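Q: predicted coordinates and the sequence they were generated for:
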Amino acid sequence: MEAAEPKHEFPVAFVAGGVIVLLMIGGAFLLTDYERTHAPAEKQLVVAEADKPYVPQIQIGGIEMSRASNMLGHELTYIAGTLTNAGNRTIKSIEVTVEFRDSLAQVVLRDKRRPFGHVMEPLPAGGSRDFVLTFESVPRDWNIQHPQFRVTGLELQ
């Protein structure tokens, strides 16, 4: 009797798995590329002239800050607070400009943010909502004081 010779065939399951992985990677690439090129342009948010008198009715308070490092060693700065609508109208969307200053009171970082994202649940008159903003790269000469907030975009109902 002759001994059976071991087969050295390339496993079919390995090839099928490789093809499936390549198809998934290709599909993910096409999907993200499609979303990036076909996403609707983000509407720029400004404060209309008629809404400027309402801005003082928007209060930002309860600011708390913390810092942490991520796994790559980058320092992240978290700013948490509460936005209160003390007026009599509903806020549909809001954008704030956050300014970090140095020891000479000069602006070292100015960044526009939407505290509740681009699609937010309207904030009714008299309502409050907590928010958290994350900053990945605050300059080293920041004075470690609370940043200043200004409402620079507002859409009211």
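A: Arrived safely, thanks for sending.

Q: from L123, how far out is F100?
A: 25 Å (CB to CB, to the nearest Å). C-betas here are computed from N, CA, C, even on glycine.

Q: list the beta-bridge partners for R150.
A: Counting by DSSP bridges, R150 is bridged to T97.

Q: and it, how many residues sit next to it?
A: When counting by other CB atoms under 10 Å, one arrives at 14 neighbours for R150.

Q: now do the contacts for it.
A: 96-97, 99 (CB atoms under 8 Å, 6 or more residues apart in numbering).

Q: ChimeraX command to pick out the buried ones of the residues you listed?
A: Buried residues among these (16 or more other CB atoms under 10 Å), as a ChimeraX selection:
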select :96
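
Q: okay, the contacts of R150 in JSON lines with pLDDT and distance to T82 next?
A: Shown next, in JSON lines, are those (pLDDT from 0 to 100; distance: CB to CB, whole Å):
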{"residue": "V96", "pLDDT": "95", "distance to T82": "13"}
{"residue": "T97", "pLDDT": "95", "distance to T82": "18"}
{"residue": "E99", "pLDDT": "96", "distance to T82": "19"}
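
Q: any chance of CSV for the contacts of R150, columns distance to H146?
A: Formatted as CSV, the contacts of R150 follow (distance: CB to CB, whole Å):
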residue, distance to H146
V96, 13
T97, 14
E99, 10
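
Q: which of the contacts of R150 lies closest to V108?
A: E99 (8.6 Å; CB to CB).

Q: that closest one sits in which helix or strand?
A: Per DSSP states H and E, E99 falls inside strand 91-101.

Q: wait, F100 touches D141, no?
A: No: applying CB atoms under 8 Å, one finds F100 not in contact with D141, separated by 9.4 Å.

Q: tell me how far the most centrally placed residue in the chain lies from K52.
A: In the chain, the residue lying closest to the centroid (CA atoms, centre = their mean) is G117, at 6.7 Å. Using CB to CB, G117 is found at 24 Å from K52.

Q: could you do S93 as well?
A: From S93 to K52 the distance is 16 Å (CB to CB).

Q: neighbour-wise, which of those two wins?
A: Per other CB under 10 Å, whichever of S93 and K52 has more neighbours is S93, with 19 against 11.
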